[in-house]
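*Asks:* could you look at this predicted model? Sequence included:
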Amino acid sequence: MQLVVGGAYSGKRKIVKQSCENLILHSAYNGDEFSKWQTSLKQNSTFVMEGWEKWVEEQLISGKSIDEVKSFFIEEIDKLCEAEKSLQFPFYFIMLEMGRGIVPMLEKNRNIRDVCGWILQYAANKAEEVYYCWHGLARKIK
């Protein structure tokens, strides 16, 4: 799995589109449900997932605890990595860097930021390569 991380509108999706062919985008921004990621898979394509912060927010709003949401996404990242190995085509995660800004005043928003930070760390550890994007430029950091 390849991880592309950066701030809002930093060029993450553009970087992935430039480096891959036959993209299949599973995106919370397009209304794709996280739990249906397997239905988006297609052979001989590059599978891209984005909108993790929205999926985290949905889980928290549904009443799950921070620990439950964190555990859920860690387990799902493991499943996604296993699927990538068995299907033998590339998976990319595009994740939003939320930890460099102002600490949100609302507890709900702090919880989203915290869970996203934890799952981003986990994904970075699992990733074969990690790219950090800013101003439309990317640097390989792993």
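*Replies:* That came through fine.

*Asks:* flag the helix or strand of this structure with the lowest per-element mean pLDDT.
*Replies:* In the chain, the helix or strand scored least confidently by mean pLDDT, DSSP states H and E is helix 12-19, which has a mean of 92.

*Asks:* partner strands of the helix or strand following it and their direction?
*Replies:* Sequence-wise, the next helix or strand downstream of helix 12-19 (DSSP states H and E) is strand 23-27. As defined by DSSP bridges, the strand partners of strand 23-27 come to strand 46-50 (parallel).

*Asks:* mind listing what's buried along the least confident helix or strand of the chain?
*Replies:* Using 16 or more other Cβ atoms under 10 Å as the burial criterion, the residues of helix 12-19 that qualify are 12-13, 15-16. The C-beta positions use only the backbone N, C-alpha and C, and glycine is treated the same way.

*Asks:* ok, now stretch 82-102?
*Replies:* If you call a residue buried by 16+ other Cβ under 10 Å, then stretch 82-102 has these buried ones: 83-84, 90-98.

*Asks:* what about residue 130, which SS state?
*Replies:* The three-state assignment at residue 130 reads strand, by DSSP: H, G, I helix; E, B strand; the rest coil.

*Asks:* ok, it touching residue 5?
*Replies:* Yes. Counting by Cβ atoms under 8 Å, residue 130 does reach residue 5; the two are 6.8 Å apart.

*Asks:* any residues in contact with both of these two?
*Replies:* residue 124 (Cβ atoms under 8 Å, 6 or more residues apart in numbering).

*Asks:* circling back to that earlier point, quick one: the least confident helix or strand of the chain to strand 46-50, angle?
*Replies:* Here helix 12-19 runs at an angle of 170 degrees relative to strand 46-50 (axes from the mean of the first three to the mean of the last three Cα atoms, to 10 degrees).
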